[in-house]
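> Just the structure for this:
(one chain, ligands or ions: 1)
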Amino acid sequence: MPTSAAAASSLSLLFLHPHSRHSSAHRRPVRGGPHLRLPARASRARCASSDAPATATKHRRPAEENIREEAARLRGPVQGFSAWYEPFPPAPGGDPNERYSLDEVVYRSSSGGLLDVRHDMEALARYPGSYWRDLFDSRVGRTAWPYGSGVWSKKEFVLPEIDSDHIVSLFEGNSNLFWAERLGREHLGGMNDLWVKHCGISHTGSFKDLGMTVLVSQVNRLRRAPLSRPIAGVGCASTGDTSAALSAYCAAAGIPAIVFLPADRISLQQLIQPIANGATVLSLDTDFDGCMRLIREVTAELPIYLANSLNSLRLEGQKTAAIEILQQFNWQVPDWVIVPGGNLGNIYAFYKGFEMCRVLGLVDRVPRLVCAQAANANPLYRYYKSGWTEFQPQVAETTFASAIQIGDPVSVDRAGLHLLLCLSSGTSV
Ligand SMILES: *Cc1c(COP(=O)(O)O)cnc(C)c1O
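Numbering: from 1, shown residues only. Okay, here's the model as predicted:
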């Protein structure tokens, strides 16, 4: 939920990077950095030894050089990882080879379905799971651009081909995972290992920041490419956390943002962030669905990129929260993970993050995923109760959990597919 983000982001400007931190070692920078090491050298033995992992290689950054320039100087050869859009779930009878470059402006498949970002898993699998674990661990909490971000510390799993210089990041992610001792003991029947991943401790107050850094970075890249139709700005229809995150990242990048909000239906906290971040805020005499229709028409006509929830780039960033949980548990897999579901993008993103780590050998299994919905807005729960036979959108009633007050989730087809595999019990709270 939105918090006083404006205050938080201005505060963070007070912290300057201490150059002297880097002065403790005199080793020359390794060209190309750690992620370019050959698989054979990335063995567990090397990293388990007293040798610092390669990313921790210390060097002195000249005072006149900023961290972006430093990252450009250290950039190595192309690694051969790639990602693209594919229809997901695949349309029955659709072209099995349909795919699009991430550099295309495309939101839906040829049959009108959802798209999903797919990675070249073979290329990633050339490195053992231990390599990825050590690499990601070596980047946590540091300031090297862009790896100090919890999202971009997993860049190879997110947007492998983007130039670090095009990334728009506020060093998001790395949120705390805390032990909810008393809640588990006194309210959940003596459960002694209950943990809460506090994704809301973030610039704009929600996990939407994790996705928005990816979307806005990709737009930033496209804006610098010679496009036949240059992107003038980014827009979304939202009443809450999405517009806050979009406007914050666009402000950081200097990209115009336009936000369509339903008049008189949004709280001051929800309104304050896009306004404070300098977005163009249009208050329309319609409801959220009306705003959604209008922004779609506008983005079809004008060169404005659509940042709404069907955009699959955002899920690539959101999935890093799942990877972070594994990392925070020292790569031990929790038994259950409970995720609140509204449009159902985030629960699918969690599945993607966990499953990618399993396939690439960072862990050996995925946790059981539970989607929690409010009793007044629980279309997925009802779908589950029907034995996954019939999905019925509903008109969501008011709930205190306003971020999940959604009766017709955009990503139901994404979520439904993997829940068939993972979910053994739905829950309604
Ligand atoms: C967006 C949001 C949700 C819902 O996520 P979906 O991907 O729409 O299921 C839940 N909680 C908060 C705080 C959110 O901002």
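> Residues of the stretch 251-400 of the chain that sit close to the ligand?
By Cβ under 6 Å from any ligand atom, the part of the stretch 251-400 of the chain that sits against the ligand consists of 340-346. C-betas here are computed from N, CA, C, even on glycine.
> Which residues are in contact with residue 208?
By Cβ atoms under 8 Å, 6 or more residues apart in numbering, residue 208 lies in contact with 241-242, 244-245, 314.
> Recalculate using a threshold of 10 Å.
Residues in contact with residue 208 (Cβ atoms under 10 Å, 6 or more residues apart in numbering) are 172, 199-200, 202, 215, 238, 240-246, 248-249, 309, 314, 317-318, 345-346, 403.
> still on that earlier bit, so which of the residues of the stretch 251-400 of the chain next to the ligand are in strands?
In strands, defined here by DSSP state E, the members of those are residue 340.
> need the residues of the stretch 251-400 of the chain next to the ligand in JSON lines with neighbour count and pLDDT, can you?
Putting those into JSON lines (neighbours: other Cβ atoms under 10 Å; pLDDT from 0 to 100) gives the following:
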{"residue": "340", "neighbour count": "14", "pLDDT": "90"}
{"residue": "341", "neighbour count": "28", "pLDDT": "88"}
{"residue": "342", "neighbour count": "25", "pLDDT": "84"}
{"residue": "343", "neighbour count": "21", "pLDDT": "85"}
{"residue": "344", "neighbour count": "25", "pLDDT": "87"}
{"residue": "345", "neighbour count": "24", "pLDDT": "89"}
{"residue": "346", "neighbour count": "29", "pLDDT": "93"}
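> export the residues of the stretch 251-400 of the chain next to the ligand to JSON lines and tack on distance to residue 112?
Listed next are those as JSON lines, based on distance: Cβ to Cβ, whole Å:
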{"residue": "340", "distance to residue 112": "28"}
{"residue": "341", "distance to residue 112": "23"}
{"residue": "342", "distance to residue 112": "22"}
{"residue": "343", "distance to residue 112": "17"}
{"residue": "344", "distance to residue 112": "18"}
{"residue": "345", "distance to residue 112": "18"}
{"residue": "346", "distance to residue 112": "23"}
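> For residue 61, state which of the residues of the stretch 251-400 of the chain next to the ligand is nearest.
Nearest to residue 61 among those is residue 346, at 36.3 Å by Cβ to Cβ.
> Just the ones in helices from the contacts of residue 208, please.
Within the contacts of residue 208, residues falling in helices by DSSP state H are 215, 241-246, 248-249, 314, 317-318, 345-346.
> Which of the residues you listed sits closest to residue 272?
Ranked by distance to residue 272 (Cβ to Cβ), the ones in helices among the contacts of residue 208 are led by residue 244 at 8.6 Å.
> mind listing what that closest one touches?
Neighbouring residues of residue 244 by Cβ under 10 Å, 6+ apart: 1-3, 5, 203-206, 208-209, 212, 238, 259, 269-274, 276-277, 279.
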